[in-house]
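[1] A predicted structure for the sequence below; I have some questions about it.
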Amino acid sequence: MNRHWAAAPALARIRQQHASAFVLGILLLFLPVFALSQENTPPASRSVQMQLDTLSSKLSAAEERLRQSQSEIDELQRQLAALRAQMPVRAAAVQPPTPASSTSASTSTPTVAEVAEKADITAAEVKQHDQIKVESVSKYPVRLTGLILFNAFHTNGAVDQFDLPSFATQGTAGVSNSAYGATLRQTTLGLLATGPRIFGARSDAEVNVDFFGSIPYDAYGTVGGTVRLRTADVRLLWNRDTVEAGMVEPLISPLSPTSYATISEPALSSAGNLWTWAPQLSYEHRFGPMEKLHFAYQFGLWDPPTAGYNAGVIARIPSPGERSGQPAYESRVSWSRAEPTDSMHLQLGFSGYYSRQSYTNRAGDSWAATGDWAVPFSHVFQLSGEFYRGRAIGGLGGGQYKDIISGTNPITGASTFNWLNAAGGWTQAKVRMLSQLEWNAMFGEDNAYANDFASLELPAGTTGYSARVRNQMVVTNFIYSPKTYLIFSPEFRHILSFPYRGASSSADLLTLSIGFRY
């Protein structure tokens, strides 16, 4: 077949030469008439005669090329006829054997028309792909990805943020704690690019944004959103090694629960899930065959962000971790087994984190030890989760997003602070009920140590963010995907938040998510 398509351009070129020679042949036929007419006219000048001689020689050469072209055309036609005769035989040769063919001597082979029809279909698909592809300046493949996500929700109880709550709060007297709403702010948009090979490694890059940056100052702006960078990374991938630079989740916390109600912040992000996206440079080396159980070691440098909310900050200032003059250090050892036919894979990992923090006239250590697991008990049931214990890990998302707790020394009366210790984690049960339907149930908790609060006298009226010591979530959802790119997911979430002093607060949320992946 390759010879057939390779001969086509040559045949077109020869036919073009044939047409040019034909025109010259017509001129040759009229040349005697022109010469006869010259006998009845006065003798031509010497220059005219030389031009006629030149034209005559060119016509002779054209006749010779015409004969050669005709011979080449005849040869190509014979080759094409031979290739067409071989097409049914070759098509039959590449067909996989079937049980019937092993017991029967008579097998059907595709005809030339059927092969041609398949070729037309393939060409049409290639043409369609060429029309919809994303073109880049580098000319390397770029693919558009993302999720258009509609979330309708009902909240029963006061919360910190209406369309994506993290904490339950004390309600305001005289104000209803029950509300309905909907949002598309968690819609995501991404680009995935594949680059050249560098030092023997494949290269790729990905960037994702959403519309959860803030509420725009505009008419009806509360239902809109501003574009925000979620994650971005550039990777070099060898067979056993990977180098990654990007804004991603912490290396020590590679998993997250499954939920379409919480995309802009991962599920249980304030209740046991360390998740904060921040700049990171990491290296991974894998030991053993990838298709079987294998070990991996990872090391990373992480830029620890400022813990908590940054309301009122109009310019970036260094975080306590950045003021220390060195990055945070991460490492992880994992044991996993890839399952090429099922996303329910086996994974066990243990990680460590260290960072130095610098405050006015005082510096200290931030650290964490974590573990993660994903254990399939069958092809339909899996348990996964993470746990951690650390100090000053608010930048990672622990300790209710607090690194320290400020107050007054009860003995000296001087203003001071304590590094805040915290522990927590989450676990999830996943059941694949059908290929298109799954059920998830999860529980998570983040617990800041009350002793760190008790050793200080807190300022009068300390409430809200500064006073939170523990947060729990119970979540269950169904995810139904009748088609690969269509998603329907109802979810129920119960939040229970505990302040250092006073009564706890609770809130219940019911969310219906409708999404379209592209």
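    Done, it's in.

[2] tell me the bridge partners for the residue nearest to Pro165 when sequence neighbours are not counted.
    Spatial nearest neighbour of Pro165, excluding adjacent residues (Cβ to Cβ, 6 or more residues apart in numbering): Val159 at 3.6 Å. C-beta here means a position set from N, CA and C on the backbone, and glycine is covered the same way. For Val159, the residues forming beta bridges with it (DSSP bridges) are Ala168.

[3] could you list the domains of this structure?
    Split into domains by automatic domain parsing, the chain comes to 2-95+112-130, 133-478+509-517.

[4] so which of the ones you listed gets nearest Arg501?
    Taking Cβ to Cβ, domain 133-478+509-517 is the member of these nearest to Arg501, at 6.9 Å.

[5] measure the residue nearest to Pro165 to Asn471 for me?
    Going from Val159 to Asn471 by Cβ to Cβ, to the nearest Å gives 12 Å.

[6] looking at these two, which is more packed in?
    The neighbour comparison of Val159 against Asn471 (other Cβ atoms under 10 Å) goes to Asn471, with 25 against 22.

[7] that one sits in which helix or strand?
    Asn471 belongs to strand 468-480 when elements are defined using DSSP states H and E.

[8] now do the buried residues in that strand.
    Within strand 468-480, the residues scored as buried using 16 or more other Cβ atoms under 10 Å are Arg468, Val469, Arg470, Asn471, Gln472, Met473, Val474, Val475, Thr476, Asn477, Ile479.

[9] swap in stretch 278-294?
    Under the neighbour-count criterion of 16+ other Cβ under 10 Å, stretch 278-294 has Ala278, Pro279, Gln280, Ser282, Glu284, Arg286, His294 buried.

[10] which residues outside that stretch are in contact with it?
    Among residues not part of stretch 278-294, those counted as contacts by Cβ atoms under 8 Å, 6 or more residues apart in numbering are 239-248, 250-251, 295-305, 330, 335-338, 340, 346, 395.

[11] repeat that with 6 Å
    With Cβ atoms under 6 Å, 6 or more residues apart in numbering as the test, stretch 278-294 has contacts from 240-245, 247-248, 251, 295-303, 305, 337.

[12] so where do the strands sit in the stretch 201-350 of the chain?
    202-210, 228-237, 241-248, 278-287, 293-302, 328-337, 346-359 (DSSP state E, counting those that start in this stretch).

[13] in the fifth one, which residues are buried?
    Neighbour counts over strand 293-302 (16+ other Cβ under 10 Å) mark His294, Ala296, Gln298, Gly300, Leu301, Trp302 as buried.

[14] could you check the angle it makes with strand 241-248?
    Counting by axes from the mean of the first three to the mean of the last three Cα atoms, to 10 degrees, strand 293-302 lies at 50 degrees to strand 241-248.

[15] any weak-confidence spans in this structure?
    Scanning the chain for pLDDT under 70 picks out the ranges 1-52, 82-135, 290-291, 311-312, 338-343, 461.

[16] mind doing that once more with 50?
    Confidence mapping of the chain against pLDDT under 50 gives the ranges 1-12, 14, 18-19, 21-44, 88-107, 128, 131, 340-341.

[17] all helices for it, in order.
    Counting by DSSP state H, the segments of the chain that form helices are 2-39, 46-93, 99-103, 112-132, 320-323, 450-454.

[18] and the residue nearest to Gly464 when sequence neighbours are not counted, what does it touch?
    Leaving aside its sequence neighbours, Gly464 sits nearest to Thr169 (Cβ to Cβ, 6+ apart; 7.0 Å). The neighbours of Thr169, taking Cβ under 6 Å, 6+ apart as the test, are Ala158, Asp160, Ser505.
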